[in-house]
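> Predicted structure and sequence below. I'll ask about it afterward.
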Amino acid sequence: MKPKVAFFDFTCCEGCQLDALNMTGDQLASLLDAVDIVEFRETKTGTADHYDIAFVEGSISRDAEIPRLRGIRERAEVLVALGACACIGGVNCLKNAFEPEDALRRVYGDDAVHYDTIPARPIDAVVAVDHYLHGCPINGEEFRRTVADLLLGVTPRVPNYPVCVECKMAGNVCVFERGGSCVGPIIRGGCNAVCVTAGRHCWGCRGLVDDPNVNAQKEILERAGLDVEEVLEKFRIYLSCRKEAS
Amino acid sequence: MNERRTPRPSHALSADALAAMFARLAQSMRVVAPTERDGRFAYAPVDRFEEVRLDFDTTVLPPTVHLLPAKELLLRVRLGEAGSAEQVVDDLPTALFGVHPYDLRAIELLDEAFLGTRPDPHYAARRRNLLIVGIDCLHPSATSFAPSMGTQVATSGFDLLLTDIGEAHVATVGSDRGASTIDGLPGLRAATDAEIAEVGAQRDAATARFLVELDVPRERVARLLVDHYDDPYWEERSNTCLSCGSCVMVCPTCFCFDVADDVGLDLTSSSRVRRWDGCMLSDFARVAGGENFRATSAGRFRHRMLRKGKYLMERYGVVGCVGCGRCATACLSEIASPAEAWNAIAKIDRERREEQRAAAVDGSFVPQSVSLGRVVSLADKEKLFVLGLPGGRGIGHMPGQFVMLSVPGVGEAPISISSSPTREGTLDLAIRDVGNVTHAIHGLEVGAHVGIRGPFGNGFPIDALEWKDLVLVAGGIGLFPLRSLIQYVLDRRERFGEMTVLYGARTPADRLFVDELDQWAARDDLRLLQTVDHGAEGWDGPVGLITTLISPLEIEPAKTMAVVVGPPVMYRFVIAELKKKGLGDNQIILSLERHMKCGTGKCGHCQINGLTVCQDGPVFTLAQLRELPEAVQ
C-alpha cells in the first residue's frame, strides 16, 4: 500500500500548498505514483483516519484550531510544518502587538462579534513537529526533496546557514553595498536568496538560524548608518513570534 | 645551465587587435569576463567585447567559480538493486578573459589541491578546457593587499597576460595556446623596448596604490599564528562574527565543499551534488551524533586565519591567501581581512617581545660571577654546590630550568637547578663529575668563584600541575632537577593534590640527598617510594627497577600528572607503565638532556627536529615528543 499523505491549512493564505504542487507533469505523476493523497482540500474532497505524512500550513490563531491540530497530530505518523506561518508563526504574528479585541475590530469591524482570536503562534507551540519546510512561500525543490527523503526513510536536511551563503553563491552584490538593509546574515537559508537575486532584500521569512548573532546584526545596521529600531520594525513582519511563542 | 623560463612581455596589441582576439576566442569557446554589476564587477559569460571591463578593481566572486561552481552535479545515481553511478563532467571549453595576478595564484593553489594527489576528474575536465588570459591589476580595490602576499605580479599560471599601458595592451605569452591566441591578429606587433619598460612602470605605480599592507613579512605569519594560538584576540575579535560564511564564499583560495544526495520524486533517480561549504559556518564540523568539533565562532575565526596563513602553504606550497581583499569587502562586521588579523597578532607579538627584551637576560656570553658558599658530597661522583648569590637575591628561575655553568679556562656546561625559587637566597647546583667542566668544579673549594648564565629553558609547567595529584619519578641524578620541583610543591603544598615521589638508584650507596629523602619519608603529605637496582648490606628496602614501584600504585588518572626525569633508557619503560595506569600523553612530562653551547636557541646543538631543548624545553609533554621523530627512542 502506498504511503498516505495529507495536507492541512490553518491561519494562512494556502500559498505554500499551491507551491507544493507547482511542479512539472512528470514530477506530479511520480508523486502520485509514490503516494496516495488522502486529504487535501485544495484538490479533492474526503478524509482519512491515518496519515503517514501530514503537511500542515498556517499558524494557530483561534481556539478552535488547537483541537483540530491535535487531532491531525494523533492521526499522523510524521507531521511536517509547511511554510513560515506553520514554522515560525509568520506574518500572522504581527497581530500579537495589538490587544486581541482591537485587532478583531480593526479587521472585521462590527462583524467582530462573530469571531474569536488568540495570539498567533507556530504549530510547534501546540503539537510536536517532526520536520520543517521554511519559507514564505516554501521552496518547491526543498519540498520535493523532503518528500523523497521521508519516503526513503532519510531525515530531511533543514538548512542552518544564513541566507548570505546562497546569496554569495548567486553572485549578488550585497544589499548593504547597494545601500539597503537586509536581515540575510541571521536568517535561515534554503531559499537560494531569491529576494536579493530579484533586486530586493531578505525579509526573514525562513526565521532565524539556530544560533543567530543578533547583537552583531544590530551593529552592522548601526555602522551602515541605519536606525536600528526602524529597521527591526521593518523586519518584524516575519520575526515577531520568534521562539518565545513556543 | 637552466634555460630561463620566466615569460617576458613581448607583443603589443592595439584596441582593435584586442577586440579581434576576443572575437577569435568567442568563436570557439565560452568567454567569461569581468562585467559591471550593481556598481561592482562580476565575471559573466560575455558575447560582445564592449561588455568586458578590463579596468575592473576586483570582482564580487573570484574566477575560480568557473573551476569549482557553487553547485555541481558529480554523479547521476540509479537507485535499486541494479544501482549504478555515472560520473558527470563539464568540459565546455571556456576562456577566462581578464584574471588578475592574485587570482592566477589562487588557481595555482586549486591546481595543487585538486590535481596534486588523487586528481578530481570534475576539476580536471574544466581545467583542461580552460584558457586563461591574465591582466595586470592597475586599479586595486580598497581592501586588497596583494603586494604583501607577493601576488601583485604573475610570472606563471596564464596562457596570456595583458598589461594596459594606455595606447596599447602589452602581452606576455605564457603558453603555446596563448601564443596561438594572438598569432596573426590584425594590429599585432612586437612590443618596443619603451613599451616593455612601461609594463614595469605601470606595475610599480599600481603597487603603490594598494591601501592595505602586512606589517610583517608574510613568511613570518605562520609562526606568529602558532605562537599566539591561545591569544584572547581570537575570542575578542570574533565577538561580532555573524557566522554568515560570506568571507569564505567569496574567497578564491577557499574550496571546502559539502556532498549530498538529491533524490527525485520517482525515488529511483538521484543526484550526488557538490556544493560550496565553509569552515566559518556553524555546522561545518558537526557530526551525526550532534558533536560539533568547532563549535565557537572564535574557534572558527582562528581556524580560518590559520588555514590562510599557515596550513594551506604547508600542505600545498602555495600561499593560502592571495590578498584579494574580497572577504574584507564582503564581511559586514568588518573582521574578515587576514591582513588585519595577522597585523593584530604581529602587534601583540611585538609588544610581548619588547616586554621580554626589557625583562629578560640578554644573550651575552658574559657569566655572572658567583662564589661557592657550601660544597656537600652526595655520593661517589656527585656533589652539591650551594652558590652564594650577590645580595642574597635569586636569579628568578622556575623548577626545571637550568643555568650555563662556567669555569674560566675550562668552558661552560648546562646544569639543572636543584633548588626551588621558593627557598630564597640559595641556588643549588648538584653535579655529577663526568666531563671537563664538571670535573673542574668538583676540584674547587668553598669560596672559589665560578660563573653562571641564565636561567634558561621553560621549566616544569606549574600551571598544568597545580591542583593535580602528582607522580614524580626520578631515576639516578634525575633527582637533581626534580628536587627543585619537590621543594616547590612542599612550599606551596595547598596548591597541589597528593604527591608521590618514586626514586630509583643503582645501589643504596648511589642514593642522593639521603638526609632529605629521610625527611620526605617522615612527612605525611608526601609519599616517598624508593628502590635500588642492586641491593647491599644494610638496605632493607625494595630491590628492582623503578618500574616495579609504578605497577602497585593506585592513582586516579583523570586528576594525575606524572613528571619523569632520569636516564634516557628509563623513559621508555616508565612511560609504558604510566600509560598502563591510564595517563594520557599530555599528562606525562619529561625533561630532556642535550648537548648545548649557548642556552639561547642559537648554537643549534640541542635541536630536536624543529625545536630547541634550551628554549622550547628541556621540559616536554609526551604528546609533544610524539610529534618529534628525533626524540623518540
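Sure thing, it's come through.
> any residue of the longest helix seen in chain A up close to chain B?
Identified as the longest helix of chain A according to DSSP state H is helix A:140-152. Yes: judged by C-beta under 8 Å from any C-beta of the partner chain, helix A:140-152 comes into contact with chain B through A:144, A:145, A:147, A:148, A:149, A:151, A:152. Quick note: C-beta positions are derived from backbone N, CA and C, even for glycine.
> which residues make contact with that helix from outside it?
Here helix A:140-152 makes contact (C-beta atoms under 8 Å, 6 or more residues apart in numbering or on different chains) with A:3, A:5, A:19-20, A:22-23, A:27, A:31, A:34-35, A:53, A:78, A:80, A:82, A:131, A:133, A:135, A:155-157, A:190, B:262-265, B:267.
> And chain B, what are its domain boundaries?
What automatic domain parsing lists as the domains of chain B is B:9-207, B:219-359, B:368-456, B:462-591.
> same question, chain A
What automatic domain parsing lists as the domains of chain A is A:4-152, A:163-239.
> Tabulate these (JSON lines), appending mean pLDDT, mean neighbour count and distance to residue B:464.
Converted to JSON lines, the domains of chain A look like this (pLDDT from 0 to 100; neighbours: other C-beta atoms under 10 Å in any protein chain shown; distance: least, C-beta to C-beta, whole Å):
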{"stretch": "domain A:4-152", "mean pLDDT": "95", "mean neighbour count": "19", "distance to residue B:464": "46"}
{"stretch": "domain A:163-239", "mean pLDDT": "89", "mean neighbour count": "20", "distance to residue B:464": "32"}
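> now the ones you listed as JSON lines including distance to residue B:496?
Formatted as JSON lines, the domains of chain A follow (distance: least, C-beta to C-beta, whole Å):
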{"stretch": "domain A:4-152", "distance to residue B:496": "51"}
{"stretch": "domain A:163-239", "distance to residue B:496": "39"}
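> of those domains, which approaches residue B:247 most closely?
Of all the domains of chain A, domain A:163-239 sits nearest to residue B:247, with 9.4 Å by C-beta to C-beta.
> neighbours around residue 158, how many?
With no chain named, the answer covers chain A. Neighbour count of residue A:158, defined by other C-beta atoms under 10 Å in any protein chain shown: 16.
> not what I meant, chain B
Neighbour number of residue B:158 under other C-beta under 10 Å is 24.
> so the spatially closest residue to residue B:158 that is not a sequence neighbour bridges to which residues?
Leaving aside its chain neighbours, residue B:158 sits nearest to residue B:134 (3.8 Å; criterion: C-beta to C-beta, 6 or more residues apart in numbering or on different chains). Residue B:134 has these beta-bridge partners by DSSP bridges: residue B:99, residue B:161.
> Wait, residue B:134 touches residue B:155, no?
No: assessed by C-beta atoms under 8 Å, residue B:134 is found out of contact with residue B:155, at 10.5 Å.
> Please compare these two by neighbour count and tell me which comes out ahead.
Ranked by neighbour count (other C-beta under 10 Å), residue B:134 and residue B:155 place residue B:134 first, with 27 against 14.
> Closest to the centroid, which residue in the chain?
Defaulting to chain A. By C-alpha atoms, centre = their mean, the mean C-alpha position of chain A lies nearest to residue A:84, the distance being 1.5 Å.
> Chain B was what I was after
residue B:226 (4.5 Å).
> Report the contact partners of that one.
By C-beta under 8 Å, 6+ apart, the contact list for residue B:226 reads residue B:310.
> Need phi/psi at the residue nearest to the centre of chain A.
In terms of degrees, to the nearest 10, the main-chain angles of residue A:84 are phi -60, psi -40.
> is it true that it touches residue A:239?
No: assessed by C-beta under 8 Å, residue A:84 is found out of contact with residue A:239, at 10.2 Å.
> Mutual contacts of those two, please.
What both residue A:84 and residue A:239 touch, as defined by C-beta under 8 Å, 6+ apart, is the set residue A:207.
> Against which helices or strands is the longest strand that chain B contains packed?
Identified as the longest strand of chain B according to DSSP state E is strand B:368-377. Packing contacts for strand B:368-377, counted by 3 or more C-beta pairs under 8 Å, 6 or more residues apart in numbering or on different chains; DSSP states H and E, involve strand B:382-388, strand B:449-456.
> That one pairs with which strands, and in what direction?
Strand B:368-377 has these strand partners (DSSP bridges): strand B:382-388 (antiparallel), strand B:449-456 (antiparallel).
> can you list those strands in a markdown table and add mean neighbour count?
As requested, the strands paired with strand B:368-377 are exported to a markdown table (neighbours: other C-beta atoms under 10 Å in any protein chain shown):
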| stretch | mean neighbour count |
| --- | --- |
| strand B:382-388 | 20 |
| strand B:449-456 | 20 |
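> Turn the ones you listed into a markdown table, columns for mean pLDDT and distance to residue B:75.
Output for those, formatted as a markdown table (pLDDT from 0 to 100; distance: least, C-beta to C-beta, whole Å):
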| stretch | mean pLDDT | distance to residue B:75 |
| --- | --- | --- |
| strand B:382-388 | 93 | 72 |
| strand B:449-456 | 91 | 59 |
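> Pull up the distance across stretch B:157-170, start to finish.
Using C-alpha to C-alpha, to the nearest Å, the span of stretch B:157-170 from its first residue to its last is 17 Å.
> actually stretch B:558-571, not the one I wrote
End residues of stretch B:558-571 are separated by 21 Å (C-alpha to C-alpha).
> Let me see the ranges of the helices in chain A.
Using DSSP H, helices in chain A cover A:15-21, A:25-34, A:65-75, A:84-88, A:100-108, A:140-152, A:163-169, A:194-197, A:214-223, A:228-234, A:236-239.
> Where does the stretch 101-250 of chain B get nearest to chain A, residue-wise?
Of all residues in the stretch 101-250 of chain B, residue B:249 sits closest to chain A, at 3.5 Å by C-beta to the nearest C-beta.
> Leaving out chain neighbours, which residue sits closest to that residue?
Residue B:249 sits nearest to residue A:168 (C-beta to C-beta, 6+ apart), 3.5 Å away.
> Surely the one you found is in contact with residue B:246?
Yes: Residue A:168 lies in contact with residue B:246 (C-beta under 8 Å); the separation is 5.7 Å.
> any residues in contact with both of these two?
Common contact partners of residue A:168 and residue B:246 (C-beta under 8 Å, 6+ apart): residue B:330.
> contacting residues around the residue nearest to residue B:158?
B:98, B:99, B:100, B:101, B:104, B:154, B:157, B:158, B:160, B:161, B:162, B:174.
> Of the residues you listed, which is the nearest to residue B:25?
residue B:160 (10.1 Å).
> Ignoring the adjacent residues along the chain, who's closest to that closest one?
Using C-beta to C-beta, 6+ apart, the nearest residue to residue B:160 is residue B:178, at 3.8 Å.
> isn't the one you found right up against residue B:156?
No: between residue B:178 and residue B:156 there is no contact under C-beta under 8 Å: 11.7 Å.
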